[in-house]
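Asks: take this sequence and fold it.
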Amino acid sequence: MLKQAFHHPLRHALTAALLLGGALSLTCHAADSQPAAPSLHGLPNYPVAPAQRAQAELTAQIGVPVSELAANAPPKYTVKRGDTLWAISGMYLRKPWDWPKLWGMNLQQIRNPHWIFPGQVLYLDISDGRARLSMGSGSQGIPTVKLNPQVESSALPPEGIPTISPELIAPFLTQPLIVEPDTLEASPRIVALPKGHTMASPGTQVYVRGDVSKATRYQLYRPAKPLVDPATKKIIAYQADYLGTTSLAEAPSGPDAVSVFRVDGIEREVGVGDRLVIAPPREYLNYTPHAPAKPISGDIVSIYGDLNMAAKNSVVALNRGAADGLERGDVLALWHSSRMVKDVTAPGKPEIEIPDRRIGLMMVFRTFQHVAYALILSADEPVEVADRFTQP
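Replies: Predicted coordinates for the structure are as follows:
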């Protein structure tokens, strides 16, 4: 790749932005919208929310108090492959979701904070009760910008590191997961298989009833279990088992006629009664961890995988969704609710109350109307269904 020589050090400054600015971002494509507009050297130029930019600008004026740094913030850290931005931010801040303050430490040098790469070095400077970060590409510190008109060739930058590990949530971005009760009733359904078949396999033609006029390619799912709100005891949605994909082979001849579909691929067995849902459009998701915009609380309604307990890197379903103000990137605190136990060490074994206990953090990565999915980022104790969450 050919470029002006003076672009090279600027690239280092821009790539610093991922930690030192809005760059706590993960780009994952979930299934056909246009990619983000390219920026310098083809890197996506994701926007920074006005509120986050305002926080960074305020920090640039007043600095970051040492009291807001993590207890063991390293004076120097070299970014390595396998790092996540959440973990790096947690090294430096007591509240990792306050990343705009890190950006504000070095706002003049960083214009659009969305990339950081393995091999770059973060330097922490503390003076007069305030903390600042700078960035370099090695032991020499920050590269000096030299305006030299010559042209040189250099390799493309290495792959940036994500906010969280993409493989932990990638399957959840391309599958429906949640079906609202009214959608369940309206979904096209498989009513018959070829003669002699009990299950469908790739290439098999299946017979479908329902409205298939909105698309030609669908995903197959099976309503696996209802999600019950622990507070109201009402079904708020159905969690679906993803089965595979199918495409229209023969359109129906009338409004109530049977359609013929071809099964393109399967991950689990497909049979009569399974439902069709339009494959979601592919989109590029930019995860920016932040505290919720307003106070919110709720309960965990399910642990994905039918597990009894969850831990770090587990996925859980929440009884709050987009209708309640939750959005992608919201960081939430996990709590064990108070409970009554017997004090067996005291005469008469009286009942006493064990207070609420905060046990970890999680980040919302997908929302539906009344349900959201979150990845557990940290947990001091096992997480269970009906455990609470609040703003951090």
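
Asks: kindly report the domain assignment for this protein.
Replies: Following automatic domain parsing, one finds the domains of the chain at 2-168, 175-279, 291-390.

Asks: mean pLDDT lowest for which of those?
Replies: Across these, domain 2-168 has the smallest mean pLDDT, namely a mean of 59.

Asks: strands along the stretch 101-250 of the chain, start to end?
Replies: 121-127, 130-136, 151-153, 178-179, 189-192, 205-209, 217-228, 235-250 (DSSP state E, counting those that start in this stretch).

Asks: close enough to count as contact, P355 and S337?
Replies: No: P355 is beyond contact range of S337, at 9.5 Å (criterion: C-beta atoms under 8 Å). For glycine as for every other residue, the C-beta is placed from the backbone atoms N, C-alpha and C.

Asks: surely I300 forms part of a helix?
Replies: No: for I300, which was evaluated using DSSP: H, G, I helix; E, B strand; the rest coil, the result is strand, with no helix membership.

Asks: residues in contact with it?
Replies: Contacts here follow C-beta atoms under 8 Å, 6 or more residues apart in numbering; on that basis I300 touches 310, 316-319, 383-389.

Asks: need the residues you listed in a markdown table (columns: distance to R53 and secondary structure).
Replies: Shown next, in a markdown table, are the contacts of I300 (distance: C-beta to C-beta, whole Å; DSSP: H, G, I helix; E, B strand; the rest coil):
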| residue | distance to R53 | secondary structure |
| --- | --- | --- |
| A310 | 34 | strand |
| V316 | 31 | strand |
| A317 | 32 | strand |
| L318 | 28 | strand |
| N319 | 32 | coil |
| V383 | 34 | strand |
| E384 | 39 | strand |
| V385 | 38 | coil |
| A386 | 38 | coil |
| D387 | 34 | coil |
| R388 | 32 | strand |
| F389 | 27 | strand |
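
Asks: nearest to D274 among these?
Replies: D274 lies nearest to A317 out of those, by C-beta to C-beta, at 21.4 Å.

Asks: ok, that closest one - contacts?
Replies: Residues near A317 by C-beta under 8 Å, 6+ apart: 178, 227, 239, 300-304, 371-373.

Asks: so in terms of bridging, what pairs with the closest residue to A215 other than its chain neighbours?
Replies: Distances taken as C-beta to C-beta, 6 or more residues apart in numbering place I278 nearest to A215, at 4.6 Å, with adjacent residues excluded. Going by DSSP bridges, I278 is paired in beta bridges with Y218.

Asks: how many residues are close by I278?
Replies: The criterion is other C-beta atoms under 10 Å. On that basis, I278 has 15 neighbouring residues.

Asks: G305 now?
Replies: What G305 shows, counting by other C-beta under 10 Å, is a neighbour count of 8.

Asks: follow-up on the earlier one: could you measure from the residue nearest to A215 over to L375?
Replies: Distance, I278 to L375, using C-beta to C-beta, to the nearest Å: 26 Å.

Asks: same question, V191
Replies: If you measure V191 against L375 using C-beta to C-beta, the figure is 37 Å.

Asks: repeat for L243
Replies: Taken as C-beta to C-beta, the span from L243 to L375 is 24 Å.

Asks: check G325 too.
Replies: Taking C-beta to C-beta, one finds G325 at 19 Å from L375.

Asks: which of P355 and S337 has more neighbours?
Replies: S337 (13 against 8).

Asks: excluding covalently adjacent residues, which one is nearest to that one?
Replies: Once flanking residues are discounted, S337 sits nearest to R388: 5.6 Å by C-beta to C-beta, 6+ apart.

Asks: what about the one you found, how many neighbours?
Replies: Residues lying near R388 (other C-beta under 10 Å) number 19.

Asks: do the same with S302
Replies: Neighbours of S302 under the rule other C-beta under 10 Å: 22.

Asks: didn't it look like it was pressed against V385?
Replies: Yes: here S302 lies in contact with V385, judged by C-beta under 8 Å, at a distance of 6.5 Å.

Asks: any idea which helix or strand carries R358?
Replies: Applying DSSP states H and E as the criterion places R358 in strand 357-367.

Asks: strand partners (parallel or antiparallel) of whichever helix or strand comes after that strand?
Replies: Once the chain leaves strand 357-367, the next helix or strand it forms, by DSSP H and E, is strand 372-379. Its sheet considered, strand 372-379 pairs with strand 315-318 (antiparallel), strand 357-367 (antiparallel) by DSSP bridges.

Asks: buried residues in strand 372-379, which are they?
Replies: 372-379 (16 or more other C-beta atoms under 10 Å).

Asks: related to what we said a few turns ago, got TSV for the strands paired with strand 372-379, with distance to L332 too?
Replies: Output for those, formatted as TSV (distance: least, C-beta to C-beta, whole Å):
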stretch	distance to L332
strand 315-318	8
strand 357-367	5
